[in-house]
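Asker: Show me how the following folds:
(chains A, B and C)
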Amino acid sequence: MAKLNDEAVSERLYSLNLGPQHPSTHGVLRVLLKLDGEYIVEADPIIGYGHRGHEKMAESRTYEQFMPNSSRIDYLSGLIYNHGYTLAVEKLAGIEVPERAKYIRVICAELNRISSHLLWFGTYVMDLGGFTPFLYAFDDREMILDILDRVTGSRLTYSYCRFGGVNRDIDAEFVSMTRAFVKRLRSRWSDYHNLVTKNVIFINRTRNVGVIKPELARLFGVTGPNLRGSGIGFDMRKIEPYEVYDRFQFDIPTGNNGDALDRYNVRLEEMEQSCRIIEQALDQLPDGLYRNEHVPFKVKPPKGEVYFSFESARGLTAYYLVSDGSSTPYRLHVRVPSFGNLQVLTDVLTGTMVADAISILGSIDIVVPEVDR
Amino acid sequence: MAPERVEPVIKFALLDEILNLARANSLWPMTFGLACCAIEMMAAGASRFDLDRFGAGVFRPSPRQSDLMIVAGTISKKMAPIIQTLWDQMPNPKWCIAMGNCAISGGPFEVEGQYAIVPGAHLIVPVDIYVPGCPPRPEGLIQGILALEDKITGGEKKNYLRRFRRAGGKS
Amino acid sequence: MAKKDQIAQRLEQLLPQDAICRDENYRAGVILAARLTADKLRAALQACEEAGFFLECITGLDFTDAMELVYHLNCYEPGSRIALRLFCQPGDTPPSIGDIFPAALWHEREVHDFFGIQFKDNPDLRALLLPDDADYHPHLKTFGKTHAYLKWEDVYGKIK
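Answerer: The predicted structure follows:
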């Protein structure tokens, strides 16, 4: 690490702008770096280039009309956000959901989680310079998108969940396609491990890079695979199970050091655990209604508030919904995991080299329109 | 008084045609994904919907090395001056595709009381092709790129390197 | 002792009797909600930090008679989320907690951006999400189009 000469330090610092248009396709993030040679002295993320005003829009739309917005906040886990929003409103309004609908929503949410992690995997290794795993990951991801496209009608930004269930029922073709996909994904782990995990260059670029200590993670509100990579097994699906997650057996992978390699391993393992959940859910899938027929056309939750948190692909996400008894929310605040995950970089990036900064930025897995809302 | 078009003194029609053929079949896009449409743009460049077979798969990060700007995503007011700067940095000849409803007209975010976005890329840069959808399927983006190639060469018949008919294409 | 009981004890020592409202049913997603005043804010959050909580988010709410700041904190055990609520009037400067929880620096910047609430001692209150030259505060109910602008009691009723 560079030892800075105390005198005239400010004259030797060079300001470099990383973004807002840069090849790592995380969105429009700008990080203002102050460099001393190749080492970063200060990193200041500047966000807001993707601000679209979701929360203000919520105050003039009905609950149903906000559903497309919820998917576009974090477009990579669009179905999980849809799901969480629906659960928040159902909790506040006291709407019952039939069993089959719960299982369908969980299966689709886990498929979405796998597709988000696959995309992260492809783009992270592309950031580090390897282009081939990107193509492998996108190929697998296209299979998931085919499955979800058949039932929801959309590839990326879904509005599939409705208050009281889902929009359309799944059929036997969906079940067989999903089982075939899980089988195929499991056969690909060896490919991914041979290509990337055992690759010496990859290991050198990720081991001991971007270490996030658990105490630092707690002070900055870091959640999700970043926190689990640092050793704390905090996953909302296990801590406060919602929907039917308490009926499945799955593990929460954790790492030891908190470096980028640990976060990578945690995410790959999480994909395998999601496959386990999908298989168990398909085995337990009951017959019945896919939607509660008695939900009013315009949902009017009673006065009050609810803070509903769930686990998206990036961490702990929450909808804080304040209702004034009408069909429009009074205030809708979304707590996004990438907000804390990005803020920890102000601390973690100091003292690293610029090339390591790209590796750390990629391993945190942020989606900038989510930070900007 | 309208500015006069500067015409070259000696015109080589055949050379122009050859140059246009070359430009159309080797478009180099700039990676300019702003929001959700960026993911479909990446999917269009990936293995299933290959953009490389049209010569357009080489995504350049730097605007100075690219000739096609695909504005994919919502343009916020904070981002607008940067789009202008990037467009100015691109060397001529350059083209622009507005991908997705947000880049065409603000999309799902253009509501009464919206304070944060610019409703459409045409307010900032001159757009050649509009690709609708939210987000458009990668096939839609490919159709947009093929339409741009037709625009550059002046018609599908003149694009001698193309061995198929584009659906909805006019000669 | 579970962390939520630990923090409930500490808050009971710190705050007056009727300022804390405990909800075992977790109806609103929180186990207990506490009403604070600006002078007790830092002490309460210091207690949370020592008990091992992390700051989930700071939300601003706008009503006709006051503005409210809601601090949600959680720890790594199940069912332990707490909400600390603080009323403030336009023109108030609540103290910043950026030195206790560094996560609060950005949350306070965001609340300042959207509501115009200045936080005392926050080292850096630049615009976070809005353009640098923005002089409007969008989430105030008097800005743009919004459906309802009510008093606090109209939404929550007489109890906190």
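
Asker: just for the stretch 1-150 of chain A, where's the confidence low?
Answerer: Counting by pLDDT under 70, the stretch 1-150 of chain A shows low-confidence ranges at A:1-11, A:23-25.

Asker: quick one: buried residues of stretch B:41-50?
Answerer: Neighbour-count burial for stretch B:41-50 flags B:M41, B:M42, B:A43, B:A44, B:G45, B:A46, B:F49 (criterion: 16 or more other C-beta atoms under 10 Å in any protein chain shown). Just so you know, the C-beta spots here come from the backbone N, C-alpha and C atoms, and that holds for glycine as well.

Asker: Tell me how far the closest residue to the last one other than its chain neighbours lies from B:G73.
Answerer: Okay, so that is B:F49. The shortest distance from B:F49 to any non-neighbouring residue, by C-beta to C-beta, 6 or more residues apart in numbering or on different chains, is to B:P138 (3.9 Å). Per C-beta to C-beta, to the nearest Å, B:P138 is found 15 Å from B:G73.

Asker: Compare these two (neighbour count), which wins?
Answerer: B:G73 (29 against 22; other C-beta atoms under 10 Å in any protein chain shown).

Asker: nearest residue to the more buried one other than its sequence neighbours?
Answerer: Nearest to B:G73 is B:L34, by C-beta to C-beta, 6+ apart, at 2.9 Å.

Asker: One more: A:G122?
Answerer: A:A137 (3.3 Å).

Asker: Around that neighbour, count how many other residues there are.
Answerer: Using other C-beta under 10 Å, A:A137 is surrounded by 26 other residues.

Asker: Need the residues that contact the host helix or strand of it.
Answerer: Element membership for A:A137, per DSSP states H and E: helix A:132-152. With contact meaning C-beta atoms under 8 Å, 6 or more residues apart in numbering or on different chains, helix A:132-152 is reached by A:79, A:108, A:111-112, A:114-115, A:118-119, A:121-123, A:125-126, A:154-156, A:158-160, A:167-168, A:170, A:173-174, A:177-178, A:181, A:184-185, A:188, A:191-192, A:195-196, B:42-43, B:46-48.

Asker: Tell me the buried residues within those.
Answerer: Using 16+ other C-beta under 10 Å, the buried ones in the contacts of helix A:132-152 are A:79, A:108, A:111-112, A:114-115, A:118-119, A:121-123, A:125-126, A:154-156, A:158-160, A:170, A:174, A:177-178, A:181, A:185, A:188, A:192, A:195-196, B:42-43, B:46.

Asker: Which pLDDT value goes with the closest residue to chain C within chain B?
Answerer: When distances are taken as C-beta to the nearest C-beta, chain B reaches nearest to chain C at B:G113, 3.1 Å away. pLDDT for B:G113: 80.

Asker: for it, phi and psi?
Answerer: In terms of degrees, to the nearest 10, the main-chain angles of B:G113 are phi 90, psi 10.

Asker: Which of the three states applies to the residue nearest the centre of chain B?
Answerer: Residue closest to the average C-alpha location in chain B (C-alpha atoms, centre = their mean): B:I97, at 2.6 Å. Using DSSP: H, G, I helix; E, B strand; the rest coil, the structure places B:I97 in strand.

Asker: Just the pLDDT for it.
Answerer: At B:I97, pLDDT is 92.

Asker: Just confirm it contacts B:P136, I think it does.
Answerer: No - in this structure B:I97 lies outside contact range of B:P136 using C-beta atoms under 8 Å: 10.4 Å.

Asker: Next up, the contacts around the residue nearest to B:G73.
Answerer: B:L34 touches A:G27, A:V28, A:Y49, A:G50, B:V71, B:A72, B:G73, B:T74, B:I75, B:M79, counting by C-beta under 8 Å, 6+ apart.
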